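Trainee: I would like the atomic coordinates for the input below:
(chains A, B, C and D)
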Number of protein chains: 2
Amino acid sequence: MTDLEDERAATTPRRRDAAKTRQLLLDAALQRFTRDGYSATTVRDIADDAGVNVALISRYFKSKEGLFEACLTSSVDEVKRTTGDSPLSRTPEAIARQIAGPCTKGLPHHLVLLLRSSGDEGADRIRLNLLRSYAERLAAAVGGSADDEGMLLRAQVVLAAAAGIALLRTKSGLEPLASATEEDLVPPLRDLVDALLKPH
Amino acid sequence: MTDLEDERAATTPRRRDAAKTRQLLLDAALQRFTRDGYSATTVRDIADDAGVNVALISRYFKSKEGLFEACLTSSVDEVKRTTGDSPLSRTPEAIARQIAGPCTKGLPHHLVLLLRSSGDEGADRIRLNLLRSYAERLAAAVGGSADDEGMLLRAQVVLAAAAGIALLRTKSGLEPLASATEEDLVPPLRDLVDALLKPH
DNA sequence: TTTTGAAGTCAACGGATGTTTACTAAGCGA
DNA sequence: TCGCTTAGTAAACATCCGTTGACTTCAAAA
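Mentor: Predicted structure coming up:
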């Protein structure tokens, strides 16, 4: 109460900020959808996590489907932003570390979200586009030519493997996989990437 | 109509056969749960697929959860039956071929079901047990000792990769992965298995 | 043929879910 | 300060979901 004016002076945090609550909903939805899947999460769950009224989901995203699509595009944007439009890390070591990284921290893995389905056609299109571009850049990063179908297939296998690992790690308590550290996980993953994406 | 008596004489196909309808429900549920996941599947969907009344699910399996658990144990039994209690195929080639098999049947199908979750504790225990035993046998098949944590982790990574590939193949239309033939898929997978499970 | 227990049907229930509507209140410009 | 736009709230609605209980029908035993 006393420093309310200071806060307002600092960043103008309006008590009612549409952009802010929209982002809160998006973050909460991302976690829920990634962890529990689309149909297992309710809009009330998301709203409660965000500390926000349920009706605001319909207002800001039109529907649960719309919120899910927003999560997907948000994930797309973040991947594009963090990795830029440059090719992915070139060494198998770096790729392996990228796969193992988010899992070992608390972060929801983008690849796991891509395994979730809402049954909606628009969402499926977004998902497919991201998967495609990801695989293509992965193939290009190790020197595969654009029209090398074999290398593209191998890149997609790497992607699928990474997604499966992330999913199994978080969803099942399979030990030692579930609580393996990044250091534990990188060597096998490096071997995996190395074997699948070697330029030969 | 004419050979009705022959049928009855042959296998006694009672018009009302509890075991038969139970199996119909189990088959339909297996397909639905594997393809759409637990919470996206309704008991009415399953009953309709099986051509059976909805109430019979509660009768024969007590609940939707019970039906899901029955699916899991059925999957466990079939895996045990097809692969026997003998160690898995020893060569990376054979393992790869098993992973690359038809997604609508066989090992990939079962692995995808294992990625599905109902949130129920009993179901999770069943799933975990199957995953564990599978990983252990996979580690043993390539000569890993029972207490080699590193090799066990690598076997679990192979398992997770196989599951992810199966899931991505069936759920997303990612090409060329989605419609890759077994022959297309075996070489990369052989490399994958080889790199992860080499005895060294 | 009659009886009896099991197999299957039907309709309704309580509850949860996504969405909408009518309403309140806060912030900003005039 | 007043008024208007917009953020947020509360409650209800319509629908769907899993489950239950009473009823009917079939087939095998007596």
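Trainee: now the helix or strand hosting residue A:59, how far from the chain's geometric center?
Mentor: Here residue A:59, judged by DSSP states H and E, is contained in helix A:55-61. Centroid displacement of helix A:55-61 relative to its chain, using Cα atoms, centre = their mean, to the nearest Å, is 22 Å.
Trainee: Packing partners of the next helix or strand after it?
Mentor: Next helix or strand after helix A:55-61 toward the C-terminus (DSSP H and E): helix A:64-83. When contacts are defined as 3 or more Cβ pairs under 8 Å, 6 or more residues apart in numbering or on different chains; DSSP states H and E, helix A:64-83 sits against helix A:18-36, helix A:43-50, helix A:55-61, helix A:110-115, helix A:121-141. Every C-beta, even on glycine, is put in place using the N, C-alpha and C of the backbone.
Trainee: rounded to a whole number, what's the mean pLDDT of the third one?
Mentor: Right, the one you point to is helix A:55-61. Averaged over helix A:55-61, pLDDT sits at 98.
Trainee: State the mean pLDDT of stretch A:69-80.
Mentor: Rounded mean pLDDT across stretch A:69-80 is 91.
Trainee: tell me which residues in it are buried?
Mentor: A:69-72, A:74-76, A:79 (16 or more other Cβ atoms under 10 Å in any protein chain shown).
Trainee: Residue A:60: what's its closest spatial neighbour, skipping adjacent residues?
Mentor: residue A:22 (4.8 Å; Cβ to Cβ, 6 or more residues apart in numbering or on different chains).
Trainee: Just give the number of residues close to the one you found.
Mentor: Using other Cβ atoms under 10 Å in any protein chain shown, residue A:22 has 19 other residues around it.
Trainee: Now that residue A:186 has come up, it's in contact with residue A:92, right?
Mentor: No. In this structure residue A:186 lies outside contact range of residue A:92 using Cβ atoms under 8 Å: 9.8 Å.
Trainee: Just the element for residue A:99, please.
Mentor: Residue A:99 is part of helix A:92-104, with elements assigned from DSSP H and E.
Trainee: Run the angle between that helix and helix A:121-141 for me.
Mentor: Here the directions of helix A:92-104 and helix A:121-141 differ by 150 degrees (axes from the mean of the first three to the mean of the last three Cα atoms, to 10 degrees).
Trainee: Run through the neighbouring helices and strands of helix A:92-104.
Mentor: Using 3+ Cβ pairs under 8 Å, 6+ apart: helix A:92-104 touches helix A:149-171, helix A:182-197.
Trainee: what residues are up against the residue nearest to residue A:153 when sequence neighbours are not counted?
Mentor: With sequence-adjacent residues excluded and distances taken as Cβ to Cβ, 6+ apart, residue A:153 is closest to residue B:176, at 5.1 Å. The contact partners of residue B:176, by Cβ atoms under 8 Å, 6 or more residues apart in numbering or on different chains, come to A:149, A:152-153, A:156, B:184.
Trainee: By neighbours, which of the residues you listed wins?
Mentor: residue A:156 (29 neighbours).
Trainee: List the residues that contact it.
Mentor: A:131, A:135, B:168, B:174, B:176-177.
Trainee: From the residues you listed, which one has the minimum pLDDT?
Mentor: Within the contacts of residue A:156, pLDDT is lowest for residue A:135, at 89.
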